[in-house]
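In: how would this look folded up:
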Amino acid sequence: MTKTYKNTLHACYLGYISQAIVNNLAPLLFIIFQSQYNISFEMIGRLILINFGTQLVVDALAVRFVDKIGYRISVVTAHFFCAVGLIGLGTLPALFSTPYMGLVMAVVLYAIGGGLIEVLVSPIVDSIPGDAKASAMSLLHSFYCWGQVAVVLISTLFIKIAGEGLWYILPIIWAAVPAYNFYKFMGVPMVPAIPEHERVPVKRLLKSKLFIIAMILMVCAGASELAMSQWSSLFAQKGLKVSKIMGDLLGPCLFAVLMGLTRVFFGIYGHKINLRKALLSSSILCVICYITAVFVQIPIISLLSCALCGLSVSLMWPGIFSLTSEKYPGGGTAMFGLLAIFGDLGCSVGPWLAGLISDYSQKSAKLVELGAVYGLDSQQVGLKTGIFAATVFPLLMIVALSLFKNKNKPAIINR
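Out: Numbers count the residues shown, from 1 in each chain. This is a model prediction of the structure:
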């Protein structure tokens, strides 16, 4: 049977589901890691930093080598590392005298795959013939959300039935998804990368003020999304004192559902919507969600604010990709790679900063004393302070978007 670009598109969808698995499975296990391996909030935040920091390094290398190696070999390699890393997450901690080192090694392995997927899948979809690129990009990124929903629901159900003692089986089961897509990508058709003489040189992109703003926007997008999604499960349980099931379902799960539904909606109707204005509105809503989650003392309202944050960040990553691609149609893999680098920088720094400030806040006598006035213990004070600190990212995004003038004509870059 002859395979078409529809098969390629389906493989790309599964690619983003694979990335959702490697980015969102470990946070659901953070409390288990904390109790079994006696690790601090900062060490948990460091795992997130290592994940996205590794992806950032891979993004930087991919900018130079993917066009030379080719899409197929690169994307197949990406799924290999995802599968091996997930298997390692379930096995390596038991093989090391210091289990945390096993966790770190597993994170590095699957982060290599996640970084390559981020760089490759978007330009592959962007290269497939068709109109309404922004809608196609938003629909593609919605599969990351559905992957996140599946990870939360299935993983929470597994832990509930099997118990926390058998958590290590879970990542091995999830490794089947990238392993299957490893073989799927071997046979689907690929559009050749943009020829070198038609690509916008990286040096020229970096000299463009508009592209610099786009990179800042990507940092803010990654940090705004991940600071909430990576910490929402632990925040719900430790910061809001709700059960794990309720915390996961009304926190990261509903977060992903709302993010996915919004991306699907934009995938269908996006051609009728001003993307820049939609991003500006989303950033304002994101600030409101962060502040509400931190300062409202009613747990259900705080949880729903965490979830609504998923809607607010839904268009940020794919929207900035689309805005920039529209301005620089000859950007190719290098452009998407550079944007992914700065997006992953935000994904690394945002959650890590929240964890770091959480730890420091718990040691502040003044903050703990202030929290006690409102009936908060030291952990609650720390988590709320860490999440609140991350509000700086959607605020900065509002400023950057006001400087990003989205005119219809592409940016002209002299070669």
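In: Every contact and neighbour count from this point should use C-alpha atoms.
Out: Will do.
In: Could you pull up the contacting residues of residue 170?
Out: Contacts for residue 170 (Cα atoms under 8 Å, 6 or more residues apart in numbering) come out as 90, 155, 158.
In: Which of the residues you listed fall within helices?
Out: If you go by DSSP state H, those have 90, 155, 158 in helices.
In: What is the neighbour count of the first one?
Out: Yep, that's residue 90 we're talking about. The local packing of residue 90 (other Cα atoms under 10 Å) involves 20 other residues.
In: Pretty sure it sits against residue 174.
Out: No - assessed by Cα atoms under 8 Å, residue 90 is found out of contact with residue 174, at 10.3 Å.
In: rewinding a little: compile the contacts of residue 170 into a markdown table and extend it with columns for pLDDT.
Out: Listed next are those as a markdown table, based on pLDDT from 0 to 100:
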| residue | pLDDT |
| --- | --- |
| 90 | 93 |
| 155 | 92 |
| 158 | 93 |
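In: returning to what we had before: just curious, which of the ones in helices among the contacts of residue 170 is nearest to residue 383?
Out: Nearest to residue 383 among the ones in helices among the contacts of residue 170: residue 155, at 23.6 Å, using Cα to Cα.
In: The residue nearest to the closest one when sequence neighbours are not counted is in what secondary structure piece?
Out: Residue nearest to residue 155 in three dimensions, not counting chain neighbours: residue 170, with 6.9 Å by Cα to Cα, 6 or more residues apart in numbering. In the assignment (DSSP states H and E), residue 170 maps to helix 169-174.
In: Let's have the ones in helices among the contacts of residue 170 in CSV, adding distance to residue 297.
Out: What follows is those, written out as CSV (distance: Cα to Cα, whole Å):
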residue, distance to residue 297
90, 37
155, 29
158, 31
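In: and which of these is nearest residue 400?
Out: Nearest to residue 400 among those, with distances taken as Cα to Cα, is residue 155, at 37.2 Å.
In: For that closest one, give me its contacts.
Out: Counted by Cα under 8 Å, 6+ apart, residue 155 has contacts 25, 28, 170.
In: Check what pLDDT the first one gets.
Out: According to the prediction, residue 25 has pLDDT 91.
In: next structured bit after the host helix or strand of it?
Out: Following DSSP H and E, one finds residue 25 within helix 5-28. Next along the chain after helix 5-28, taking DSSP H and E as the criterion, comes helix 30-37.
In: What angle do helix 5-28 and that next one make with each other?
Out: Put simply, helix 30-37 runs at 50 degrees to helix 5-28, going by axes from the mean of the first three to the mean of the last three Cα atoms, to 10 degrees.
In: What lies in contact with helix 30-37?
Out: 39-40, 44, 99-100, 164, 234.
In: Generate a ChimeraX selection restricted to the buried subset of these.
Out: Restricted to buried positions by 16 or more other Cα atoms under 10 Å, the ChimeraX selection for the contacts of helix 30-37 reads:
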select :44,99,100,234
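In: of all the contacts of helix 30-37, which comes closest to residue 19?
Out: Using Cα to Cα, the contacts of helix 30-37 come closest to residue 19 at residue 44, 19.4 Å.
In: so the closest one makes contact with residue 353?
Out: No - using Cα under 8 Å, residue 44 is not in contact with residue 353, being 11.3 Å away.
In: which residues sit in contact with residue 392?
Out: No residues are in contact with residue 392 under the rule Cα under 8 Å, 6+ apart.
In: I'd like the distance between it and residue 309.
Out: Taking Cα to Cα, to the nearest Å as the measure, residue 392 falls 14 Å from residue 309.
In: Could you do residue 253 as well?
Out: 12 Å.
In: For these two, indicate the residue with more neighbours.
Out: residue 309 (31 against 27).
In: shaky segments in the stretch 201-350 of the chain?
Out: 201-202, 239, 330-332 (pLDDT under 70).
In: how close does the residue in the chain sticking out farthest from the centre sit to residue 367?
Out: Most distant from the centre of the chain: residue 373, at 35.7 Å, with distances by Cα atoms, centre = their mean. Between residue 373 and residue 367 the distance is 10 Å, computed by Cα to Cα.
In: so how far is stretch 304-313 off the chain centroid?
Out: Relative to its chain's centre, stretch 304-313 lies at 14 Å (Cα atoms, centre = their mean, to the nearest Å).
In: hmm, who's touching that stretch?
Out: Residues contacting stretch 304-313 (Cα under 8 Å, 6+ apart): 221, 224-225, 228-229, 232, 250-259, 262, 282-283, 285-286, 289-290, 292-293.
In: Now, of these, which are buried?
Out: Buried among the contacts of stretch 304-313 (16+ other Cα under 10 Å): 221, 224-225, 228-229, 232, 250-259, 262, 282-283, 285-286, 289-290, 292-293.
In: Which of those residues fall within helices?
Out: 221, 224-225, 228-229, 232, 254-259, 262, 282-283, 285-286, 289-290, 292-293.
In: Contacts only, for the spatially most central residue of the chain.
Out: For the chain, residue 226 is the residue whose C-alpha lies nearest the centre (Cα atoms, centre = their mean; 5.8 Å). By Cα under 8 Å, 6+ apart, residue 226 lies in contact with 347, 350-351.
In: Between the residues you listed, which sits nearest residue 359?
Out: The closest of those, once distances to residue 359 are taken by Cα to Cα, is residue 351, at 12.5 Å.
In: shouldn't that closest one be in contact with residue 227?
Out: Yes - taking contacts as Cα under 8 Å, residue 351 lies within contact range of residue 227: 4.2 Å.
In: Now do the shared contacts for these two.
Out: With Cα under 8 Å, 6+ apart as the test, residue 351 and residue 227 both reach residue 390.
In: May I see the buried residues of the helix or strand that the helix holding residue 170 is followed by?
Out: Later in the chain than helix 169-174, the nearest helix or strand by DSSP H and E is helix 176-187. Residues of helix 176-187 classed as buried: 176-179, 181-182, 184-185 (neighbour count, 16+ other Cα under 10 Å).
In: so what's residue 353 scoring on pLDDT?
Out: 87.
In: Against residue 284, how distant is it?
Out: Taking Cα to Cα, one finds residue 353 at 21 Å from residue 284.
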